[in-house]
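S.K.: Fold the following for me, if possible:
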Amino acid sequence: MPIWRALNNLRWFWRRPLKLAVFAIVTVIVLYPKVWLLPIAFERYGDMNSVLDPDHPELAPLEESVRDSLPTDAQTEDALPIVQKVVCERIPYAWDWEVWGVCEYLPTVDEVFEQGREDCDGRAVVAASLLRRLGYDAWLVSDLLHVWVETPEGETMSPTGGEKTFVGTETGTLATVSPRVIRNLARGFSYGVAVFPLIRELIILATLCVLTVQPWSSVWRRVAGCLLLWVALDMLRGAGKQAALDGRILDIVRTWIGIAVAVAGWLVLAVRVGGPRPRCAVKRPE
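M.R.: Predicted coordinates:
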């Protein structure tokens with residue numbers, strides 16, 4: 001393809017930023033087709049507790065259901081399982097790409113009730129708001145895989161038991177950086193790959209292959225590189241759910257092996273073997 005060869009004949013300081021920009025645009029559109037929600041999501045995750053609203057009127061029937069099940073001298077730990085049960089019954093589970101069309105979004109209480117369904121973060125928002133309405137202290141926490149609710153007396157909304165990477169505080173979200181964050185990243189990434197719609201992932205994969213392949217490389221290198229990327233995607237999807245849910249060492253290792261295979265596939269496509277790239281010949285005047 002002449003256009004593709006011409007693009008790859010550009011100087012590296014033009015070619016690489018251009019390819020990176022194309023890949024970034026495609027990736028953002030695939031993950032966040034409603035791009036206007038992206039800055040809103042970043043802002044809200046910067047202060048997770050800002051979306052809590054214990055005074056929302058839709059919480060009134062949930063509060064009544066919880067109080068009907070609680071003894072008069074109930075403590076916070078007594079309310080936690082009841083709140084989880086009530087919220088899960090009222091808010092059916094649905095992925096963010098089904099509700100919002102994007103890969104990740106932290107909704108307000110009003111948005112959750114407006115949509116009528118949500119995933120773990122939306123349910124946690126309602127649960128934390130409900131606990132505050134009941135007079136208990138509660139805040140949002142996340143381990144990059146799951147969002148749940150923490151209180152001084154315990155946790156609710158299916159805590160994973162992993163290290164909390166993000167913790168909602170009165171002054172904003174507190175991010176914890178430690179070696180265990182790498183494990184959280186692996187679990188969260190693999191689980192996200194495993195449950196995200198395959199067709200969207202294939203669009204990103206195809207874009208990566210097209211942008212990376214060398215026009216002057218052999219057919220077998222192109223086929224081998226694309227196959228390695230496909231194998232890596234399949235490995236990540238296969239290992240993702242189990243590694244994220246129970247954190248087994250074997251599945252976490254499979255996740256990192258999948259990432260390594262993806263890097264190997266990209267290198268097979270990207271690294272040029274042989275002499276310099278052929279340049280367009282310049283005809284000299286006779």
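S.K.: what number of residues lie near residue 44?
M.R.: By other C-beta atoms under 10 Å, the residues close to residue 44 number 19. No exception for glycine: its C-beta is placed from N, CA and C like everyone else's.
S.K.: what about it, distance to residue 268?
M.R.: Look at residue 44 and residue 268: by C-beta to C-beta, to the nearest Å, they are 40 Å apart.
S.K.: Ok, residue 48 next?
M.R.: 41 Å.
S.K.: now residue 141
M.R.: 41 Å.
S.K.: Burial check on residue 192, number of neighbours?
M.R.: Residue 192 has 18 nearby residues by other C-beta under 10 Å.
S.K.: Enumerate the positions of the helix or strand containing it that are buried.
M.R.: Using DSSP states H and E, the element containing residue 192 is helix 180-195. Neighbour-count burial for helix 180-195, counted by 16 or more other C-beta atoms under 10 Å, picks out 181, 183-184, 186-194.
S.K.: where do the helices sit along the stretch 1-150 of the chain?
M.R.: 2-8, 12-31, 37-46, 60-69, 76-90, 96-99, 109-115, 120-133 (DSSP state H, counting those that start in this stretch).
S.K.: Among those helices, show me which one is buried the most.
M.R.: helix 120-133 (a mean of 25; mean count of other C-beta atoms under 10 Å).
S.K.: Quick one: work out the angle between that one and helix 76-90.
M.R.: 130 degrees (axes from the mean of the first three to the mean of the last three C-alpha atoms, to 10 degrees).
S.K.: Which strands and helices lie in contact with the longest helix along the chain?
M.R.: The longest helix of the chain (DSSP state H) is helix 219-246. When contacts are defined as 3 or more C-beta pairs under 8 Å, 6 or more residues apart in numbering; DSSP states H and E, helix 219-246 packs onto helix 180-195, helix 198-212, helix 249-270.
S.K.: For the last one, name the packing helices and strands.
M.R.: Using 3+ C-beta pairs under 8 Å, 6+ apart as the contact definition, the elements that helix 249-270 packs against are helix 180-195, helix 198-212, helix 219-246.
S.K.: Could you list the buried residues of the last one?
M.R.: For helix 219-246, a neighbour-count test (16+ other C-beta under 10 Å) marks 221-222, 224-226, 228-230, 232-233, 235-240, 242-244 as buried.
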